[in-house]
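**Q** Here is a sequence together with a model predicted from it:
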Amino acid sequence: MELLCNAPAHATVPDRYVFPPEKRAALQLDNDLTHDDITLPIIDLHHGALSHDRRIQVAAEIIAAGKDFGFFQVVNHGVEDDAVQAFRDAAAGFFALPAEEKLPYCSYDKSKRFRLATSTSYDRGETRYWRDYVKFRCYPPSDDNVRCWPSKPASFAPCLVEYCEAVHGLAQTLLGLIAEGLGLDAGFFAGDLSGGDTHMSVNYYPPCPDPSVTMGLLAHCDRHLLTLLSQADVAGLQARHNGRWLLVRPVQGAFVVNFGHQMEIVTNGVLASVEHRAVTNSAAARMSVATHVHPTDGCLIRPAPELVDEAENPAKYREFLFSEFMEAYDAADASREDVLDSFKIHRS
């Protein structure tokens, strides 16, 4: 496996990373994207110290942001900066290991609990994405999960445990607020809907000599329930908004939050899963740490009855097991329309 992180800095972009002109991000950007007229909403969680009235307000802000953008950023979220930086440093240390020490982890086998790869397994075209990544199960720190984590750098496992404990707590806080904002019981998302192993994707995008001809990651929607992303201070994430691509500008100490397909289905389309992608830059390496909250494989997914009205707002999706959705997502190569169409209720 030819990893970007194993290679010296490139002076030019190798042909295998050059996208045809019609697929390049530079030709898909609206000129207004460089302006500051549209930014993602920033939600202040006040370190969890929310009065009753403030909690109602924050829940409403989250739902409004979700309906408009499908994305928002949270600050004063309670995850300590030191914990975030410590794990980011450990993850960067893993990518910087000698090639031979990373080789045992290299795999495109999605059943592996920790794997290192490059580009993506979803776009089967010949052009590669300018990205290396590790994917693994990060929470809970069970024996089955921990034994698959790398032993080097030595800080990786302890820093990961501390980081994931904190992010798990934040995710549960957000899910409670989302439920309340939708008029559901605060514990609606507890249990099987958020009780699967939490997965993590750490994406490494080295500096690219010509970002105009490359892509970091294909446009896609997430297949799970909720994603919390640490992108630090290097931009590169773009979200689709009203037909154009919006750059998600980094906010100091913030997490970027977006909804997965399961959130869209459970809310009967109230909170949509929005397409997003990654672009490259020539100035600095970028590393994003995405934490994905999953249902259990056996979780029965369906629109919440409270959000269905057979006369005014009938169910848009049929019932299914989450494991069935995972198979359909892989078969559809992460295509939003193709995968959702498999579960939509089509009415004449």
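**A** Happy to help now that I have it.

**Q** tell me which residues of stretch 283-302 are tucked away?
**A** Using 16 or more other Cβ atoms under 10 Å as the test for burial, stretch 283-302 gives 285-296, 299, 301-302. All C-beta atoms are positioned from the backbone trio N, CA, C, and that covers glycine.

**Q** Next one: the nearest residue to residue 106 once chain neighbours are set aside from residue 209, what distance?
**A** Leaving aside its sequence neighbours, residue 106 sits nearest to residue 1 (Cβ to Cβ, 6 or more residues apart in numbering; 4.4 Å). Applying Cβ to Cβ, to the nearest Å, the value for residue 1 to residue 209 is 22 Å.

**Q** try residue 226
**A** 36 Å.

**Q** cool, residue 15 as well?
**A** In terms of Cβ to Cβ, residue 15 sits 13 Å off from residue 209.

**Q** Give me the more crowded residue out of those two.
**A** residue 209 (14 against 10; other Cβ atoms under 10 Å).

**Q** shouldn't that one be in contact with residue 13?
**A** Yes - with contact defined as Cβ atoms under 8 Å, residue 209 reaches residue 13; the gap is 5.7 Å.

**Q** List the ones among the buried residues of stretch 283-302 that fall in strands.
**A** Here DSSP state E is the test, and those give 286, 287, 288, 289, 290, 291, 292, 293, 301 as lying in strands.

**Q** Now do the same for the fifth one: its pLDDT.
**A** Predicted confidence (pLDDT) for residue 290: 98.

**Q** The residue nearest to residue 313 when sequence neighbours are not counted: how many residues sit nearby?
**A** Closest residue to residue 313 apart from its sequence neighbours, by Cβ to Cβ, 6+ apart: residue 268 at 6.7 Å. Neighbour count of residue 268, defined by other Cβ under 10 Å: 21.

**Q** where do the strands sit along the stretch 51-200 of the chain?
**A** Secondary structure of the stretch 51-200 of the chain (DSSP state E, counting those that start in this stretch): strands located at 71-75, 114-118, 132-139, 198-205.

**Q** For those strands, give me a markdown table that also has mean neighbour count.
**A** Formatted as a markdown table, the strands of the stretch 51-200 of the chain follow (neighbours: other Cβ atoms under 10 Å):
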| stretch | mean neighbour count |
| --- | --- |
| strand 71-75 | 22 |
| strand 114-118 | 20 |
| strand 132-139 | 22 |
| strand 198-205 | 22 |
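
**Q** could I get those as TSV with mean pLDDT?
**A** Listed next are these as TSV, based on pLDDT from 0 to 100:
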stretch	mean pLDDT
strand 71-75	97
strand 114-118	97
strand 132-139	97
strand 198-205	98
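
**Q** so which of the ones you listed comes closest to residue 321?
**A** Of all these, strand 198-205 sits nearest to residue 321, with 17.7 Å by Cβ to Cβ.

**Q** Flag the shaky bits of the stretch 201-348 of the chain, pLDDT-wise.
**A** Applying pLDDT under 70 to the stretch 201-348 of the chain flags residues 333-334, 348.

**Q** go with 90
**A** 310-312, 329-340, 342, 346-348 (pLDDT under 90).

**Q** out of the strands of the stretch 51-200 of the chain, which comes closest to residue 256?
**A** Of these, nearest to residue 256 by Cβ to Cβ is strand 71-75, at 5.4 Å.

**Q** what are the pairing partners of the closest one, and which direction each?
**A** strand 42-44 (parallel), strand 255-259 (antiparallel) (DSSP bridges).

**Q** Distance to residue 127 and mean neighbour count added to these, as TSV?
**A** Compiled in TSV, the strands paired with strand 71-75 are given as follows (distance: least, Cβ to Cβ, whole Å; neighbours: other Cβ atoms under 10 Å):
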stretch	distance to residue 127	mean neighbour count
strand 42-44	35	17
strand 255-259	25	25
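
**Q** Could you dump those strands into a markdown table with distance to residue 138 added?
**A** Below are those laid out as a markdown table (distance: least, Cβ to Cβ, whole Å):
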| stretch | distance to residue 138 |
| --- | --- |
| strand 42-44 | 24 |
| strand 255-259 | 15 |
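
**Q** between those, which gets nearest to residue 143?
**A** strand 255-259 (28.3 Å).

**Q** relative to strand 286-293, how tilted is that closest one?
**A** Relative orientation of strand 255-259 and strand 286-293, computed by axes from the mean of the first three to the mean of the last three Cα atoms, to 10 degrees: 50 degrees.

**Q** which residues touch strand 255-259?
**A** Residues outside strand 255-259 that contact it (Cβ atoms under 8 Å, 6 or more residues apart in numbering): 40, 66, 70-74, 77, 79, 167, 170, 174, 222, 225-231, 237, 239, 248, 271-274, 276.

**Q** Great, nothing more from me.
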